[in-house]
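**Q** starting from these lines, generate the structure:
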Amino acid sequence: MVLPTAPVAVEQQPRLKRAGSQLHRLTCAAQNYAWGKHFEDSEVAQLVAATGRDVDPDKPYAELWMGTHPSAPSLLADNGYTGQPLLALLRDRPQLLGAALPVFGCDLPFLFKVLSVGTALSIQSHPDKALAERLHAERPEVYKDANHKPEMALAITEFEALCSFCPHEELLAALDTVPELAECCGAAHVAALRASRPGSPARRDALAAAFHQVMACPAERARGYVERMCARLQHEAAAGRELTPRELLALRLELQYPGDVGVLAAWFLNYLRLQPGQAVALPANEPHAYISGEIMECMATSDNVIRAGLTPKLRDTEVLCASLTYGQGLPDVLTGAKSSASPHLAVYRPPFREFEMWRYTPPAGTHEELPPAAGPMLLLLQHGGMRVRAGGQSRQLRRGDVYFVGAGAALELEASADVTAWLAACNGMGFDGAPS
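**A** Numbers count the residues shown, from 1 in each chain. Reported below is the predicted structural model:
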């Protein structure tokens, strides 16, 4: 099925590759994971359909991948490279990578995505570089590459997530008010948590032991704890008690993953509700689970995921528990720093060298030039329309269009409607204007 959409101009493939081109249109893969949204509610599906591509109404749409990862590489759609992977262009013309080339080699170091989250993703972490290399060597069929995967999630709708271990006092309060969680942890582990001192190795060890005790709980025993907890909460709600947001979340998760130990483990993690324009950076070896909403996401080029709860997929509980940092506290929420390059730009710069994200929101009628970026960029037009000129090229971008932008391209932009566009770049290699 093709959703109704305006006609899309298709450029005929020229006979010769255009050696000086800086703008390269991409066709990007959509992933139909079970946790995605129905095509009518999925921003991923709507972006795909806006470009005139087929959308299957019977499948959930979860992710749109933009980049060179071999699991779903973006394909070039013009300039004599039509149908070839983006990596072919980069190997043909490594100068398009600019300052990124001597740092990262002849490839994009980041993977750019749109996510439409309908049901909770697994409780998971991503390995650091050393662990990724070991896991890939030992089980390449599970861990597909040898790279680490720090990432950043930027909300484009209200977005819910579990992220990193919650503050110590919050965890103790949960153990007081959720007897099923305390019983699953065991009295000795709860006592060790209570006795531990702030910042001490004993506190980290107590948290690690308690979390492992829950995550490694045998499935039938875990199911009993989860069912008892949910029955109690439903009874208390029926009696007139107003449940807390965390308690309501536990009931939602149990409906999605009945009896799953991850419903209990969620109490260990921070519950975040990001508003549009807010972002959170997730280093390697930090537990998290996305729950609902739509986000832009950027990460180091990797697809390594260590899962241990809220999933029908392979669980690698021992590896996940052994690899976590067990730091506690609320993560920093980024809101985008203004840029001197344009009043319509905001940059989200995490503490990871591979990537940063930019939001570009010019109103209709804006006509401006952005300074050249030192490295390569990927550009997605989410809303509106604008003409982009770079050198001798001119392209009219519509909703859903994705372009690779070569390093050193000075972009002249003319918005024909209010625009929301997203860009990914190497950290510190985006537009020359520094955050102000």
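
**Q** switch to C-alpha atoms for all contacts and neighbour counts from now on
**A** OK.

**Q** list the contacts of the residue nearest the centre of the chain.
**A** Centroid-nearest residue in the chain: Glu297, 3.4 Å away (criterion: Cα atoms, centre = their mean). For Glu297, the contact set (Cα atoms under 8 Å, 6 or more residues apart in numbering) comprises Phe112, Lys113, Val114, Leu115, Glu151, Met152, Ala153, Leu154.

**Q** redo that, cut-off 6 Å
**A** Applying Cα atoms under 6 Å, 6 or more residues apart in numbering, one finds that Glu297 lies in contact with Phe112, Lys113, Met152, Ala153.

**Q** tell me the one of those nearest Gly224?
**A** Nearest to Gly224 among those is Ala153, at 33.7 Å by Cα to Cα.

**Q** contacts for the helix or strand hosting that closest one?
**A** Using DSSP states H and E, Ala153 maps to strand 151-155. Contact with strand 151-155 is made by Pro276, Gly277, Gln278, Ala279, Val280, Ala281, Leu282, Ile295, Met296, Glu297, Cys298, Met299, as judged by Cα under 6 Å, 6+ apart.

**Q** can you lay out those as TSV showing distance to Ala407 and secondary structure?
**A** Formatted as TSV, these follow (distance: Cα to Cα, whole Å; DSSP: H, G, I helix; E, B strand; the rest coil):
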residue	distance to Ala407	secondary structure
Pro276	29	coil
Gly277	26	coil
Gln278	27	coil
Ala279	26	strand
Val280	27	strand
Ala281	25	strand
Leu282	27	strand
Ile295	26	strand
Met296	22	strand
Glu297	21	strand
Cys298	19	strand
Met299	19	strand
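
**Q** biggest helix in the chain, by residue count?
**A** helix 219-238 (DSSP state H).

**Q** list the contacts of it.
**A** Helix 219-238 has contacts (Cα under 6 Å, 6+ apart) with Glu180, Gly259, Val261.

**Q** before we move on, back to that, output the contacts of Glu297 as JSON lines; include the columns neighbour count and pLDDT.
**A** JSON lines is the format used below for the contacts of Glu297 (neighbours: other Cα atoms under 10 Å; pLDDT from 0 to 100):
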{"residue": "Phe112", "neighbour count": "26", "pLDDT": "98"}
{"residue": "Lys113", "neighbour count": "24", "pLDDT": "98"}
{"residue": "Met152", "neighbour count": "27", "pLDDT": "98"}
{"residue": "Ala153", "neighbour count": "25", "pLDDT": "98"}
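
**Q** mind putting these in a markdown table, distance to Cys230 included?
**A** Listed next are the contacts of Glu297 as a markdown table, based on distance: Cα to Cα, whole Å:
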| residue | distance to Cys230 |
| --- | --- |
| Phe112 | 38 |
| Lys113 | 35 |
| Met152 | 32 |
| Ala153 | 30 |
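
**Q** low-confidence ranges in the protein?
**A** 1-19, 432-436 (pLDDT under 70).

**Q** quick one: the helices in it?
**A** Using DSSP H, helices in the chain cover 43-50, 86-92, 101-104, 129-138, 168-177, 179-185, 187-195, 201-215, 219-238, 245-256, 262-265, 317-323.

**Q** so which of those is nearest Thr366?
**A** helix 43-50 (23.0 Å).

**Q** next, count neighbours for the residue lying closest to Met377 once chain neighbours are set aside.
**A** With sequence-adjacent residues excluded and distances taken as Cα to Cα, 6 or more residues apart in numbering, Met377 is closest to Ala425, at 4.7 Å. Number of residues near Ala425 (other Cα atoms under 10 Å) recorded here: 30.
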